[in-house]
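> Sharing a model prediction with you, sequence too.
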Amino acid sequence: MTIQDLLDKCEYAYDERDFKKLIELCDEVFKKDSDNQIAISYKAISYCFLNQSQKALEILNDAIKLYPDNYYHKNITAMVYYDLGEYEKSLECCEEGLKIKDFDWLYENKMKALIMLDRIDEAIELYESINYYYCYSIDDLLFDAGKYRQALDYYLKEDEFDLIDKLKISILKNNPEAISELGDYYLSWINKIKYKHNLKVCPECGGELIPILWGYPDNCDLEKSAKGELYLGGCSVIVPWGYHCKNCSHDLNLGYKGLEIECDDDKLYEYIKFKIREITSELKIKSRVFIKTYDTIKEELNYFDNK
C-alpha cells in the first residue's frame, strides 16, 4: 500500500472520528516516511481529541522543529494548550500560526483563548474584523466558555433580543444554576410591567380616547378619522404620544401597548417591549384558532420564560 493510500485511509478515519484507528494508520505511514507532515498532524490531533495532551505535545514539539512554518501544527498545539488550561501559550501559538497563514481554525482558537483570559472585547473585535465566512459565532464561543453574561451583553449590543431567549433555553438545559447571571433578563423583567392603562377613557377628564396615527394616512385611515375613530397626528420623527382625548384634546402617552413599564435601563426596556410584542402576537394567533389554557399557551410559546 502506498503512502497516499494510507493517507486516504487516514482522512477517512479522521472524518469518522476513529482516532485510535487513525493513530495506527499514521504509524504505518511513518514506516515508509518517518517525517511525513500530514501523518504527524493526524497523530497529534488524534491524541488531542483523545485527551492525551502530553503525548500530543511530544509529537508537536518535534514536528515544529522539523517544520517551523507549518501553521496547522501551530493550530493543534494551541488546542492542546487550551485543553491544559494554558491559555497564554495557546494564544501565542495562534498568533504564530496566523503570521504564517490566515486560517479559520486558528482564528477560532485565538478567540477562545482571549475569552478564557477575560479579554472579551479583543475577542469580539477580532471576530468582527474577519472578512470571510466564519462558521463559529462569537456568542457560541462565549457560551461554550461559560461566559453567559458576556454573551448576553453581545446580544444587547447587536439588539438581537430573540437570541437572548435562545440563550436562556440553552442555560436552563445545560447549566441551570448559572441562569442568575442574566439578571433581570430572566423572569424579573416581568416585574417591570406595573399596570395596564385604560385605553378607552381619558385619565384627566374621563373623555373618550382614540389612537393617534403619526405619518402619512391611507384612505382607510382618512375614513376612520372622519368617523372620529382615529386622530391624525401628522409627521414626527420622535413620537411620544399614542392616544388623543376627544373631550379635552390632550395627547397622552399610555405606556407601551397600554402597559406601563418602569425601567431605567434602556436595553432592558427595549427587551421588555420585544417580549410584549412576541407574547401579544402569539396570543392573537392562538385566539384565532381556539381558546387554550394559560399553561398550554405558555408551553407552546417559543422561548417564553418558564414561570
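Received, thanks.
> Let's see whichever strand or helix holds Leu141 as PDB, backbone CA atoms only.
Applying DSSP states H and E as the criterion places Leu141 in helix 138-144. Taking Å, rounded to 0.1, in the frame of the first residue of the first chain, the C-alpha atoms of helix 138-144 are listed here in PDB:
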ATOM      1  CA  ILE A 138     -18.600  34.700  18.900                       C
ATOM      2  CA  ASP A 139     -21.700  34.100  21.000                       C
ATOM      3  CA  ASP A 140     -21.300  30.300  20.700                       C
ATOM      4  CA  LEU A 141     -17.700  30.700  21.800                       C
ATOM      5  CA  LEU A 142     -18.800  32.800  24.800                       C
ATOM      6  CA  PHE A 143     -21.500  30.200  25.700                       C
ATOM      7  CA  ASP A 144     -19.100  27.300  25.400                       C
END
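> contacts for the next helix or strand after that helix?
Next along the chain after helix 138-144, taking DSSP H and E as the criterion, comes helix 148-157. Helix 148-157 is contacted by residues 115, 120, 124, 138-139, 142-143, 161, 163-164, 167, 171, 175, 178, 181-183, 185, 267, 271 when judged by C-beta atoms under 8 Å, 6 or more residues apart in numbering. C-beta coordinates here come from the backbone N, C-alpha and C atoms, glycine included.
> is it true that Ser225 touches Leu232?
Yes: here Ser225 reaches Leu232: they are 5.3 Å apart, a contact under C-beta atoms under 8 Å.
> what sits in contact with each of those two?
In contact with both Ser225 and Leu232: 213, 217, using C-beta under 8 Å, 6+ apart.
> Can you say which of the contacts of helix 148-157 are buried?
Using 16 or more other C-beta atoms under 10 Å as the burial test, those include 115, 120, 124, 138-139, 142-143, 161, 163-164, 167, 171, 181-182, 185, 267, 271 as buried.
> Just the residues you listed: which are in helices?
115, 120, 124, 138-139, 142-143, 161, 163-164, 167, 171, 267, 271 (DSSP state H).
> Out of those residues, which is nearest to Phe30?
Minimum distance to Phe30 across these is 36.3 Å, recorded for Ile115 (C-beta to C-beta).
> Backbone dihedrals for Glu260, please?
In terms of degrees, to the nearest 10, the main-chain angles of Glu260 are phi -90, psi 120.
> nope, Lys196 is what I meant
phi -110, psi 130.
> Could you list everything it pairs with in the sheet?
When bridges are called by DSSP bridges, Lys196 pairs up with Leu259.
> Look up how far Tyr271 lies from it.
Using C-beta to C-beta, to the nearest Å, one gets 19 Å for the distance from Lys196 to Tyr271.
> With Glu58 instead?
Distance from Glu58 to Tyr271, by C-beta to C-beta: 50 Å.
> Point to the residue nearest the middle of the chain.
What sits nearest the mean C-alpha location of the chain, by C-alpha atoms, centre = their mean, is Asp139, with 4.1 Å.
> would you say Pro211 is within a strand?
Yes: assigned with DSSP: H, G, I helix; E, B strand; the rest coil, Pro211 falls within a strand.
> My guess is it contacts Tyr243. True?
Yes: counting by C-beta under 8 Å, Pro211 touches Tyr243, with 5.9 Å between them.
> Who has more neighbours out of these two?
Tyr243 (20 against 14; other C-beta atoms under 10 Å).
> Thought Leu254 was touching that one, still the case?
Yes: assessed by C-beta under 8 Å, Tyr243 is found in contact with Leu254 at 5.5 Å.
> any residues in contact with both of these two?
By C-beta under 8 Å, 6+ apart, the residues touching both Tyr243 and Leu254 are 199, 209.
> Helices along this structure, start to end?
Counting by DSSP H, the helices of the chain are 3-15, 19-32, 37-49, 53-66, 71-83, 87-100, 104-116, 120-129, 138-144, 148-157, 161-174, 219-226, 266-289, 294-300.
> Mind checking the ones you listed for the one nearest to Gly206?
helix 219-226 (22.6 Å).
> average pLDDT for the closest one?
Averaged across helix 219-226, pLDDT comes to 92.
> That one packs against which elements?
strand 231-234 (3 or more C-beta pairs under 8 Å, 6 or more residues apart in numbering; DSSP states H and E).
> again, only using 10 Å
Secondary-structure packing of helix 219-226 (3 or more C-beta pairs under 10 Å, 6 or more residues apart in numbering; DSSP states H and E): strand 209-214, strand 231-234.
> Can I get the ones you listed in TSV including distance to Pro203 and mean pLDDT?
Formatted as TSV, those follow (distance: least, C-beta to C-beta, whole Å; pLDDT from 0 to 100):
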stretch	distance to Pro203	mean pLDDT
strand 209-214	9	91
strand 231-234	17	88
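> Most tightly packed of the ones you listed?
Comparing the helices and strands packed on helix 219-226 by mean neighbour count (mean count of other C-beta atoms under 10 Å), strand 209-214 ranks first with a mean of 18.
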